[in-house]
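>>> structure of the sequence below:
(chains A and B)
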Amino acid sequence: MSAAKMVSITVDGANVQVREGATLLDALRAHGVDTPTLCFLENLTPVNACRVCVVELQGARTLVPSCSRKAEEGMVVHTDSERVRHARKTVFELLGSSVDLSNCGPDVKRWSERYGAEPARFGPPAAPAPEGARDHAHPGHHHAPAGDVAQNVAQPVKVDNDLFVRDYSRCILCYKCVEACGEDAQNTFAIAVAGRGFDARISTEFAAPLTDSACVFCGNCIGVCPTGALVPKREFDLREAGTYDESRQTVTTTICTYCGVGCNLELHVQDNTIFKVTSPLDHDVTNGHLCIKGRFGFEFVQVREGARDSAREKSGGRKD
Amino acid sequence: MDLKLSGAEATTAERAAVDALFGAPESRWEGGDRGDAADSRFARGGHEARARRHLLLPALHAVQDAIGHVSRGAVDYIALRLTVPPAEIYGVASFYALFEMSPMPATVAHVCDDVGCMARGADALIDSLERECGPDGAPCATGRGAWKRSPCLGLCEKAPAVLVRRAGEGRTDATIAPATAAQVAAELQGDPATARAAVRVMDSVRQKGEPHLRLLARVGVVDPASLHDYRSRGGYAALARAFTLGPEAVVREVTDAKLMGRGGAAFPTGVKWGAVLQARALPHHVVCNADESEPGTFKDRVLMEEDPYAVIEALTLAGYATGSAQGWLYVRGEYPEAHAALAHAIAECRRAGLLGERVMGQHGFAFDIELRKGAGAYICGEETALFNSIEGYRGEPRNKPPFPVHEGLFGKPTAINNVETLVNVLEIVRDGAAAYAAIGTEGSRGPKLFCVAGSVAKPGLYELPFGATLRELLSLAGVPDGGRALQAVLLGGAAGSFVTPEEFDVPLTFEGTRAIGASLGSGVVLAFDGTVDMRAIVRRIARFFRDESCGQCVPCRVGTVRQEEALARLCAGAAGTSRDETLVILDDLDRAMRDASICGLGHTAAVAVQSALRKLKLFGEVAK
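Take a look at the predicted model:
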């Protein structure tokens, strides 16, 4: 095996060596710099849309997205300059004021605090859009706002099937679900980015319900969603009921029993009931992706004795 | 690919429109009738079908033109014909303002309410339309027509402007400028003959025929339909000289002439061409960016309408100089007359052997041009967004690097140039780099076109050598008194900045405008006198960027919304700490969009707003 060619760059004054072809983000992570990312995921093609990973590259007119910029010999990078901090702060403010980030997990909260983001300074949030209004916004013209409230993407949750829901009030338009549904994983192409500008949204053709679309309910879009816009119905119901409680949850790793591929499953359990199934990103069989059976076909695991009997009764089966 | 369709059937008219583009489907795989049993013994729709994805935009245009909107049935049928999933087709179609995703009346008038027309009566026109035809976007009383507000239509010298689009058989799109409410109402009631007969014909070029003109030498003089006329006035002399020089020498001439791009970014054209000519990856492409959409800009439209063969010759020359066999001409969808003139010119050139195998008999040089039409998206003037648009994707800019000269259209080395830039090349190659470089100033060589509109007596397209001052140009356009009565001039378009009368002695050069913190941009000189509400103008610019952001990156997608809201607060009278906080927000947004956006749209989305705050002091004194 030939030794990979190494590239030497300077990160915040320190010399960092990375393999040729590595990105600046690879270099930052190797060097232990905590770099925010939202639209980046190891198993997807970088779209560099969220812009929270931007860094200052000496000699470049604008900041550059570290997730997709390849490291080149001699590059000098600053990750905590005033420009970088300002850009990241503003991006977190813009997102925080237009999207519900409350289910994002601890990273986003930590980063927002680190950069001092104050999303509230843009004004109180506008009322949620009525159902379907954002789905059909036409590009090229909108009615000028009064400026007294901060427009946002708040809208009713889309619940059109039993397996997962789409809560686009939480969507930051990171493109990950589109990539996972399309070329990067599933090759189903049930969803795409539609519309333009602030009215851009993830949509099926003509905003049809998922059940009428090409969706195969593999749930790989849920697996990559960073904000909880896409969640299993079970988890959504727990959160709606106010009973979602991380302290009562466990994760059990197992292997899917449906076929011989051998996908690793992580069963997320609360109160002895599975509410979500994921697969580890770094698992070499799945890369985090599953099929409908692995992700949603867990009901048989938790059929209890009593339930089994009543199910038999319902289906007119034999009584013991 | 396994396509899942909605089951909606395309109508006969929809199928006919798509089939007119692709021919009848060969099998059920492509949407043909159930027939030949052999259909079930082979599969179609592999790489070959998917390689035709770039025909998606033309297919959507065909359906829109036929029935006035893009229906579910039509999307399914196009999906079958091109093997593109319906969700992706929907994503692409809903990106463009000129595609309707739900039924609309057959006639739709797009009425410009942008900055150029605002200075010349757009508000009054829209008020009367609201009274006579009902609200924006709704079918008018007869049900046969509707009108909509539109961003700049590139007809600013004849403002106020309207684009009328008509669906159905024998349809034609047409522009009306200057437009009256009565004309628009007649159009919407299905009486275009009356409407169009009443349009006052105006010259776009008032210098017509003057001996010093180079870029505009033929405009208004030559018959734009006649190839013979074009050739008898020096046409194709430049290409003939290029053939005697060879590609490398042509690139050297363009480099030595120090030609800089005229689209707004001012990149050296010779450097671009040299890189493509040297690029190892094949094939190479040349693209003419005729998606002129910068508010206030109309120069390329006039060149294409009045001197289309010059554009074709120049693009052919660019193809020769960069080793490309394929040229692409992407014209904005709002320019029906320019599109028709170019389509005619391309057909004539093919017939005359000026396109196709062995162009002008030149051994080993085959070149042809594909004419493409945009569909209402300012962002598609960004070069990489334009590539995506041609390829049949949403017009979202790509991250750079890689740059187009390395990975451009279809991932291949691509030289992309603005119309005016290309037409300059004809001058350079015909007369030599030295003669060309002698025109203008040290940092800005050659002649330059300026789009002068707004509060001027003689709006139009003006050609001057680089170096003339803004005051001289304004006086040429009939602004008396050195422009003292003007409040400001918007220089360079919506992505440019405001210049006040004290600065009117600025030389109109790249370096001269840079020295006062402005830019030439696309050559827009939009004048506003005391009657114009400058706050409304600035808010319109903010609205424009909010509408035209592609939505891909957060700083621009949300930043343009917050910028518009902040301006609305200032206009509503925010005072004291509220005013100060709002100004800080605007400044913060400017810096974040400039630094962290993906493309030039985001980088410049706050430039005009900031210059208005600082120079016009619309909301009082501002720091810096």
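>>> please count neighbours and contacts with C-alpha atoms only from this point.
Fine.
>>> count of neighbours near residue A:237?
Counted with other C-alpha atoms under 10 Å in any protein chain shown, the neighbours of residue A:237 add up to 15.
>>> am I right that it is in a helix?
Yes - counting by DSSP: H, G, I helix; E, B strand; the rest coil, residue A:237 is found in a helix.
>>> can you tell me the closest non-neighbouring residue to the one residue in the stretch 201-320 of chain A that gets nearest to chain B?
At 4.2 Å from chain B, residue A:205 is the closest residue in the stretch 201-320 of chain A, using C-alpha to the nearest C-alpha. With C-alpha to C-alpha, 6 or more residues apart in numbering or on different chains as the criterion, residue A:205 has its nearest non-adjacent residue at 4.2 Å, and that residue is residue B:87.
>>> and stretch B:84-100, end to end?
In terms of C-alpha to C-alpha, to the nearest Å, the two terminal residues of stretch B:84-100 are separated by 19 Å.
>>> what pairs with residue B:469 across the strands?
The residues listed as beta-bridge partners of residue B:469 by DSSP bridges are residue B:507.
>>> for the record, mean pLDDT for whichever strand or helix holds the residue nearest to residue A:205?
Using DSSP states H and E, the element containing residue B:87 is helix B:86-93. Averaging pLDDT along helix B:86-93 yields 98.
>>> same check, this time on stretch B:410-421
On average, stretch B:410-421 scores 98.
>>> before we move on, the earlier item: need the contact list for the residue of the stretch 201-320 of chain A closest to chain B.
Residue A:205 makes contact with A:190-191, A:213, B:86-91, according to C-alpha atoms under 8 Å, 6 or more residues apart in numbering or on different chains.
>>> and those as CSV, adding distance to residue B:146 and neighbour count?
Listed next are the contacts of residue A:205 as CSV, based on distance: C-alpha to C-alpha, whole Å; neighbours: other C-alpha atoms under 10 Å in any protein chain shown:
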residue, distance to residue B:146, neighbour count
A:190, 33, 25
A:191, 31, 29
A:213, 32, 20
B:86, 28, 30
B:87, 28, 29
B:88, 28, 26
B:89, 25, 26
B:90, 23, 27
B:91, 25, 25
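>>> about what we covered before: so the residue nearest to residue A:205 touches residue A:192, yeah?
Yes - proximity of residue B:87 to residue A:192 meets the contact threshold set by C-alpha atoms under 8 Å, at 5.7 Å.
>>> who touches both of those two?
Here residue B:87 and residue A:192 have A:203-204 as joint contacts, going by C-alpha under 8 Å, 6+ apart.
>>> how is chain A divided into domains?
A:1-127, A:153-301 (automatic domain parsing).
>>> thinking again about what came up before, packing partners for the helix holding residue B:87?
Applying 3 or more C-alpha pairs under 8 Å, 6 or more residues apart in numbering or on different chains; DSSP states H and E, one finds that helix B:86-93 makes contact with strand A:192-194, helix B:56-67, helix B:72-82.
>>> so in chain A, which helix runs the longest?
The residue-count maximum for a helix in chain A (DSSP state H) belongs to helix A:82-98.
>>> so that helix, near chain B or not?
Yes - for helix A:82-98, a contact with chain B is found by C-alpha under 8 Å from any C-alpha of the partner chain, at A:83, A:86-87, A:90-91, A:94-95, A:98.
>>> just the closest of these to residue B:535, please.
Using C-alpha to C-alpha, residue A:94 is the member of the residues of helix A:82-98 next to chain B that sits closest to residue B:535, with 24.5 Å.
>>> of all residues in chain A, which one is nearest the centre?
With distances taken as C-alpha atoms, centre = their mean, residue A:225 lies nearest the centre of chain A, 2.0 Å away.
>>> now do stretch A:30-43: everything it contacts.
Contacts of stretch A:30-43 (C-alpha under 8 Å, 6+ apart): A:16, A:25, A:28-29, A:46-53, A:67, A:107-108, A:111, A:174-176, A:184, A:224, A:226, A:281, A:287-288.
>>> the residues you listed also near chain B: which ones?
A:48-51.
>>> okay if I get these as TSV plus pLDDT and secondary structure?
Shown next, in TSV, are those (pLDDT from 0 to 100; DSSP: H, G, I helix; E, B strand; the rest coil):
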residue	pLDDT	secondary structure
A:48	92	coil
A:49	96	coil
A:50	97	coil
A:51	97	coil
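>>> which one of those is nearest chain B?
Nearest to chain B among those: residue A:49, at 4.3 Å, using C-alpha to the nearest C-alpha.
>>> what pLDDT, on average, does stretch A:107-124 get?
The model assigns stretch A:107-124 a mean pLDDT of 97.
>>> residue A:170: which of the contacts of residue A:205 is nearest?
Closest to residue A:170, out of all of the contacts of residue A:205 and judged by C-alpha to C-alpha, is residue A:191, at 16.7 Å.
>>> report the contact partners of the residue lying closest to the closest one once chain neighbours are set aside.
For residue A:191, ignoring the flanking residues on the chain, the nearest one in space by C-alpha to C-alpha, 6+ apart is residue A:204 at 4.6 Å. With contact set as C-alpha under 8 Å, 6+ apart, residue A:204 has these partners: A:190-192, A:210, A:213, B:87, B:90.
>>> residues near residue A:240, how many?
Residue A:240 has 10 nearby residues by other C-alpha under 10 Å.
>>> residue contacts, it?
With contacts taken as C-alpha under 8 Å, 6+ apart, residue A:240 has no neighbouring residues.
>>> would you agree it falls within a helix?
Yes - the assignment for residue A:240 (three-state DSSP) places it in a helix.
>>> those strands in the chain, which residues are they?
Let's take chain A. Applying DSSP state E to chain A gives strands spanning A:6-11, A:14-19, A:54-57, A:64-65, A:76-78, A:164-166, A:192-194, A:201-203, A:230-232, A:249-255, A:264-270, A:273-278.
>>> my bad, chain B
Using DSSP E, the strands found in chain B span residues B:107-112, B:145-150, B:162-166, B:174-176, B:284-290, B:324-331, B:368-373, B:414-418, B:447-454, B:460-465, B:486-491, B:497-499, B:524-529.
>>> which one of these lies nearest to residue B:73?
Across the strands of chain B, residue B:73 has its closest neighbour in strand B:162-166 (20.5 Å, C-alpha to C-alpha).
>>> who does the closest one pair up with?
The pairing partners recorded for strand B:162-166 under DSSP bridges are strand B:107-112 (antiparallel), strand B:174-176 (antiparallel).
>>> want to throw those into CSV with mean pLDDT and distance to residue A:164?
Formatted as CSV, the strands paired with strand B:162-166 follow (pLDDT from 0 to 100; distance: least, C-alpha to C-alpha, whole Å):
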stretch, mean pLDDT, distance to residue A:164
strand B:107-112, 96, 41
strand B:174-176, 93, 48
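>>> burial-wise, tell me which of those strands comes out on top.
The highest average neighbour count among the strands paired with strand B:162-166, using mean count of other C-alpha atoms under 10 Å in any protein chain shown, belongs to strand B:107-112 at a mean of 26.
>>> C-alpha coordinates for stretch A:5-17, CSV please?
In CSV, the C-alpha atoms belonging to stretch A:5-17 read as follows (Å, rounded to 0.1, in the frame of the first residue of the first chain):
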residue,chain,number,x,y,z
LYS,A,5,0.2,12.1,0.0
MET,A,6,-0.2,14.6,2.8
VAL,A,7,-1.2,18.2,2.7
SER,A,8,0.0,20.7,5.2
ILE,A,9,-2.2,23.6,6.2
THR,A,10,-2.3,26.2,9.1
VAL,A,11,-5.3,26.2,11.4
ASP,A,12,-5.4,29.1,13.9
GLY,A,13,-1.6,29.3,13.8
ALA,A,14,-1.0,25.5,14.2
ASN,A,15,0.3,23.2,11.5
VAL,A,16,-2.1,20.5,10.6
GLN,A,17,-1.4,17.6,8.2
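>>> what about that stretch, average pLDDT?
Across stretch A:5-17, the average pLDDT comes to 97.
>>> name the residues of it that are buried.
Within stretch A:5-17, the residues that qualify as buried by neighbour count (16 or more other C-alpha atoms under 10 Å in any protein chain shown) are A:7-12, A:16-17.
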